[in-house]
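Chemist: Could you work out the structure for the sequence below:
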Amino acid sequence: MNKILYQVIICLSIIFWEAIPIEGQKLEATNVHLSTSDGLISNDISDIVQDKFGYIWIGTWSGLTRYDGFNFTNYSTGNDSGIFHLHSRILNLYPDNEGNIWMLMYDNRVFVLNHHTDKIQSAFINSAKAVNYKVDNEKIAIDSKGFLYAAIKGRGIYQLKITDGILKNHLYKMNHLNIKNMLPDGNKKLWMITNKGLYVLNLNNHKMHYLPYMHGNDKDCKMIIHKGYIFIGTSDGKILQINSNYPYSTVNTYNLHQTSKFTSLYIDRYGLLWFTTMDAGISHYNFATHKIKSFQQKVPAPESDAKGAKIFEYGSIMWIKMNHGGFGYYNRSKDKIEYFYNNPREGWELSNTVVTYYAVPEGVLFMSTINRGLEKIELIHRTMFMRYINPNSERYGINEIRAFVWDRERHCMLIGNKVGDIYAEDYKTGNKKKIASYGGRIYGLMQDHKGNIWVSNKDKGLFIMGNPKPILTSKCYITKEGHDGTIWVATFGNGVIALRHGKKIQLKNLPHGTFEKVRTLCEANNGDMWAGTTDGILIFKKEGNTYHAYPLKETEKSNGHLLSDDIIQLVKDEYKHIWIATSGGGISCALWNTDSACWNFKTISTKDGIPNDEIKSITICNKDQIWFTSDMALCCYTLGSDILTVFRMPDGIGNIQFSEGGAITLPNGLMYYGTVNGYYFVNSKKLKMHEGANLKLRITDFYINDQLQSPRLNSNYDYYIPDSGYVRIPSRSSIFGFRFASLNYQLQHRVHYQYMLDGYDNLWHNADSKNKVTFSNIPAGTYHFRVKAFLSTGKKQYDERVITVVVPPYLFASTPALWIYVILIACGITLYIYGRKRNKQAELSKMRVLKIGPQEIAFQEKNDYDFVKDQLDWLEQHYSESTLKIEEMVDHSHLSRTSYYTQLKTLTGLSPKEFISEFRLKKACMYLELNTYTIAEVAYRCGFNDPVYFTRIFKNKMNFTPTKYRENTNKIKIAEKNTSAHSY
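Modeler: Okay, here's the model as predicted:
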């Protein structure tokens, strides 16, 4: 995928989408560039909208595209569509309140994607003259109730509506009025600017009201509705304000003294009137002061075709696409339109000549510029905040943090940096005060049961805060207090040191030359002290009054080992399990195996979705959540459900490396994470959602035998399955599947999915990264496919979708067959016996029999018979090839590997490997009966490389060696020959 990911930082006076002013707040964003190589139907984009469900719809010059944040679903236009008079280019899109997408085409014809049928059709499909119906000068509008209004030259205004897939229209004749502009007011009235002035059409009684406020020569006037008033920009530079309720009186006239016609109008939430004319840029008019201010940007490549502005306003920020180029947000405190990652003077990545865009409320912009393709710009919502010891200091190490401890006595955080300073911080405010300074690099802080703070300094040694004299001068990483009061010290070069009452105690069995570089310590539930080193894990066991060192004993199984012996941190969770952060081997959980008396390790690595196997730190939060840092990402693993969440830039995690061992959870659940430049303050409660519905979960696609099902693609169904709530599977042997997605584009990367086929099982299963699930060999019955979306930090708040699934019985067990049985029984005993016999004969005649190896299989369904027959025919051509691979059979079947395996296993009871072996054995028997080949020749002819292996396989299956089989066959032939001769 051709993706560009970069960080955008702009000083904003307010945070995007939130109605909370934050002066000087920096906003970060990620951008992904999408194109035809990612599945987009065309890079030439003309319009972008969002429907009621949350899908993003993209109109292009070559078709229509639906985007769910993961996949593109394309709808062809032009000649490829096979739809009469459907032009290839789309001009504008209009989503209605039922999910239908209305399209104004390049030739001004109107078409619609019918959501119920998932097909594109003409808006005038039920009219004989529809082929000639074209919108007059792009005069088209849609209201909040889903009615589309299209002005057709020579006809009038059509009101169009699709309900439950049925298209209806109504014509309002205009009595020779030429419509210049129209506006539905949402109150059953249609306002129209015509060649004869201003009219209001009552859509209920069809009455027209002429309003004498404009002249017939006013052309291309613009109208908007705001708080019950109609605002009209006239050709002589005025703005009319008219009451939208009868008798439609004029409230005010504002003279803006514009010499160029208005091309767009918009009134923001603060009451400013924004307008564009034929000139470049945009202006606003203050109704209170009567002042006008105009805005322009430097545009290297002005856009001349599109006229007007496109404005989105959410919360306290407003995004503006200006006339003839220019794009940005309105900084209200400065009364200025700011560049947004598109200042040409800075040589930034994107153009500020925006063809079209759409802003969704959760904080994502979908945009197309003159560079073509689609930009997905995701604004970062600050749920994780960076703090600094001194944000303005350039001194090396002052903001590099890896040592934290919660001071129970002072009720504050103690933070140590790499210049040897210790600060006490009020976690609520972030205010901090220096309380100690040692020089060197502080790697660890620990508070013992007496309240003493132990300071581990890699350069200066080990201290107790308040005493400037070091207890040890070794390179100290961290300290840990054991249950018996022993202070354990991890040193980098001198191994583990144990102190009791300030004096060293003897440790026995210490390895020589290894396990000397120790980074981390953790006391196990049984009192053993674990030491993580660059050579693995060393365990100290107390035997009598002395501690003995033993290297950790791992399982001999290859899949239970630690993937790296370079240990970064050891942490014990609430369930007494020890978690190990490694360098290059991911994060592992130690599990004791009683049977083998050794340790097994369950590892989470890049194969499971973490960004990097370099684990920096671990902490435990909310009992069942293992939080850890991986290079530049923060991860959360939920115990029990095995759910992994990765937090990155969209959540506030910047492009900065985490520190080793620098993580802590406070008693109140707040978390701190040290980095090489500052430390993150994380409140996990802010990562939750109040309502699961905000995740906007949808079932996006339905599949039969790996083929997408839609009335526009095949004839299996005449309606769109995902939103119907019901589907009947075509046959008992069909493999069916669903794909789903959260349409909250700001949270998609954090959303997890679980599914269940209710009625078949009662367990929730985690979905894979493709958000797709398939089912096969499901017994006949009625089930409910359930899928739910949630965040790992708030599983109780979830969004769920349900669709009823009916799996029919096999044909012989269907309802029609059962009725036949009842009728036959009613015919009497004699007819019953006769009918039963006939019925059995009929069933046997329908069944098709294939010989697979030594056995025969009968098939009820022709499709099943044809599938297996095709595999046998293919094997007939290739069975002698010793290099034959299962992948070749899969490719020949045109199914996925999983579907192929399931289909073959269901129909024959054999795996692909067994299927090939059975076929080859059948051929071997044939060659052995001919008595013209040696055993070795038979083996090679049947695709076996090794005659010995062939003999062993043959004996296991046939209970005879090939030689014995041939002898028995010859004896039978001789006996049959003698019998025949004797009879003669």
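
Chemist: Going by residue numbers, what spans are helices in the stretch 751-900 of the chain?
Modeler: 815-826, 829-846, 862-878, 886-893, 897-908 (DSSP state H, counting those that start in this stretch).

Chemist: can I see the domain layout of the chain?
Modeler: 553-682, 692-808, 850-979 (automatic domain parsing).

Chemist: Would you convert the ones you listed into TSV that also reports mean neighbour count and distance to I377?
Modeler: All C-beta atoms are positioned from the backbone trio N, CA, C, and that covers glycine. Shown next, in TSV, are these (neighbours: other C-beta atoms under 10 Å; distance: least, C-beta to C-beta, whole Å):
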stretch	mean neighbour count	distance to I377
domain 553-682	19	11
domain 692-808	18	10
domain 850-979	16	34
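
Chemist: Y266 is nearest to which of those?
Modeler: Closest approach to Y266 among the domains of the chain (C-beta to C-beta): domain 692-808, 24.1 Å.

Chemist: Make JSON lines out of the domains of the chain and add distance to D459 and mean pLDDT.
Modeler: JSON lines is the format used below for the domains of the chain (distance: least, C-beta to C-beta, whole Å; pLDDT from 0 to 100):
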{"stretch": "domain 553-682", "distance to D459": "16", "mean pLDDT": "91"}
{"stretch": "domain 692-808", "distance to D459": "39", "mean pLDDT": "93"}
{"stretch": "domain 850-979", "distance to D459": "57", "mean pLDDT": "85"}
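
Chemist: Output these as TSV; include the columns distance to D407.
Modeler: Output for the domains of the chain, formatted as TSV (distance: least, C-beta to C-beta, whole Å):
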stretch	distance to D407
domain 553-682	11
domain 692-808	27
domain 850-979	55
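
Chemist: Tell me which of those approaches K291 most closely.
Modeler: Between the domains of the chain, domain 692-808 lies closest to K291; by C-beta to C-beta that is 36.7 Å.

Chemist: Look up the residues forming beta bridges with the residue nearest to L190 when sequence neighbours are not counted.
Modeler: Counting by C-beta to C-beta, 6 or more residues apart in numbering, the nearest residue to L190 once its immediate chain neighbours are dropped is L201, at 4.3 Å. Beta-bridge pairing for L201 (DSSP bridges): L190, M208.

Chemist: how about K616, secondary structure?
Modeler: Put simply, K616 is strand when judged by DSSP: H, G, I helix; E, B strand; the rest coil.

Chemist: residues in contact with it?
Modeler: Contact partners of K616, counting by C-beta atoms under 8 Å, 6 or more residues apart in numbering, are 568-569, 581, 628-631, 657-663.

Chemist: Would you mind telling me which of the domains of the chain is nearest H324?
Modeler: For H324, the closest of the domains of the chain is domain 692-808, at 29.0 Å, according to C-beta to C-beta.

Chemist: Pull the distance from that closest one to the chain's centre.
Modeler: 14 Å (C-alpha atoms, centre = their mean, to the nearest Å).

Chemist: Adjacent strands (with direction) for the longest strand belonging to the chain?
Modeler: The residue-count maximum for a strand in the chain (DSSP state E) belongs to strand 794-807. Applying DSSP bridges, strand 794-807 is found paired with strand 726-728 (parallel), strand 781-791 (antiparallel).

Chemist: F492: which of the ones you listed is closest?
Modeler: Comparing the strands paired with strand 794-807 by their distance to F492 (C-beta to C-beta), the top pick is strand 781-791, with 38.9 Å.

Chemist: what does that closest one contact?
Modeler: 645, 687-689, 692, 695, 697, 699, 738, 740, 742, 747, 750-760, 764, 767, 773, 797-807.

Chemist: and S684, what does it touch?
Modeler: Contacts of S684 (C-beta under 8 Å, 6+ apart): 621-622, 625, 669-671, 793.

Chemist: And the domains of the chain: which comes nearest N178?
Modeler: Among the domains of the chain, the nearest to N178 by C-beta to C-beta is domain 692-808 (37.3 Å).

Chemist: distance of G654 from M632?
Modeler: Here G654 is placed at a distance of 8 Å from M632 (C-beta to C-beta, to the nearest Å).

Chemist: Please apply the same query to S42.
Modeler: As defined by C-beta to C-beta, S42 lies at a distance of 35 Å from M632.

Chemist: which helix in this protein runs the most residues?
Modeler: The longest helix of the chain (DSSP state H) is helix 962-983.

Chemist: What is it packed up against?
Modeler: Other elements packing on helix 962-983 under the criterion 3 or more C-beta pairs under 8 Å, 6 or more residues apart in numbering; DSSP states H and E are helix 912-930, helix 935-941, helix 947-958.

Chemist: Packing partners of the shortest one?
Modeler: Pointing back at helix 935-941 there. Counting by 3+ C-beta pairs under 8 Å, 6+ apart, helix 935-941 packs on helix 912-930, helix 947-958, helix 962-983.

Chemist: got JSON lines for these, with distance to L93 too?
Modeler: JSON lines is the format used below for the helices and strands packed on helix 935-941 (distance: least, C-beta to C-beta, whole Å):
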{"stretch": "helix 912-930", "distance to L93": "47"}
{"stretch": "helix 947-958", "distance to L93": "63"}
{"stretch": "helix 962-983", "distance to L93": "71"}
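
Chemist: Tell me which of these lies nearest to N108.
Modeler: So among the helices and strands packed on helix 935-941, helix 912-930 is nearest, using C-beta to C-beta, at 56.2 Å.

Chemist: quick one, what contacts the nearest residue to C522 once chain neighbours are set aside?
Modeler: With C-beta to C-beta, 6+ apart as the criterion, C522 has its nearest non-adjacent residue at 3.6 Å, and that residue is L570. Contact analysis of L570 by C-beta under 8 Å, 6+ apart lists 520-522, 530, 532, 537, 578-581.

Chemist: Please determine how far L570 is located from T793.
Modeler: 25 Å.

Chemist: Next: S294.
Modeler: Using C-beta to C-beta, one gets 46 Å for the distance from S294 to T793.

Chemist: Tell me which residue is most central in the protein.
Modeler: Closest residue to the average C-alpha location of the chain: Q748 at 4.8 Å, with C-alpha atoms, centre = their mean.

Chemist: counting contacts, what elements does the strand or helix carrying N600 pack onto?
Modeler: N600 is located in strand 598-604, with elements delineated by DSSP states H and E. Packing contacts for strand 598-604, counted by 3+ C-beta pairs under 8 Å, 6+ apart, involve strand 587-593.

Chemist: in its sheet, what does the strand it packs on sit against?
Modeler: The strands beside strand 587-593 in its sheet (DSSP bridges) come out as strand 578-582 (antiparallel), strand 598-604 (antiparallel).

Chemist: if I look at H170, how far off is I142?
Modeler: 15 Å.

Chemist: Kindly apply the preceding question to I48 instead.
Modeler: 16 Å.

Chemist: Those two - which one has more neighbours?
Modeler: Set side by side, I48 and I142 show more neighbours around I48, with 24 against 17, by other C-beta atoms under 10 Å.

Chemist: Quick one, grab the pLDDT at that one.
Modeler: At I48, the model reports a pLDDT of 98.

Chemist: from memory it sits against W57, does it?
Modeler: Yes - taking C-beta atoms under 8 Å as the definition, I48 is a contact partner of W57 at 7.2 Å.

Chemist: what touches both of the two?
Modeler: Here I48 and W57 have L93 as joint contacts, going by C-beta under 8 Å, 6+ apart.

Chemist: First-to-last residue distance for stretch 591-598?
Modeler: This stretch, stretch 591-598, spans 9 Å end to end (C-alpha to C-alpha, to the nearest Å).

Chemist: Secondary structure element holding the closest residue in space to N525 that isn't next to it in sequence?
Modeler: In space, and not counting its chain neighbours, N525 is closest to K576: 4.0 Å by C-beta to C-beta, 6+ apart. Assigned by DSSP H and E, K576 belongs to no helix or strand.

Chemist: C589 versus K576, what's the distance?
Modeler: Following C-beta to C-beta, the distance that separates K576 from C589 is 11 Å.

Chemist: wait, what's in contact with N968?
Modeler: Contacts of N968 (C-beta under 8 Å, 6+ apart): F960.

Chemist: Perfect, that will be all.
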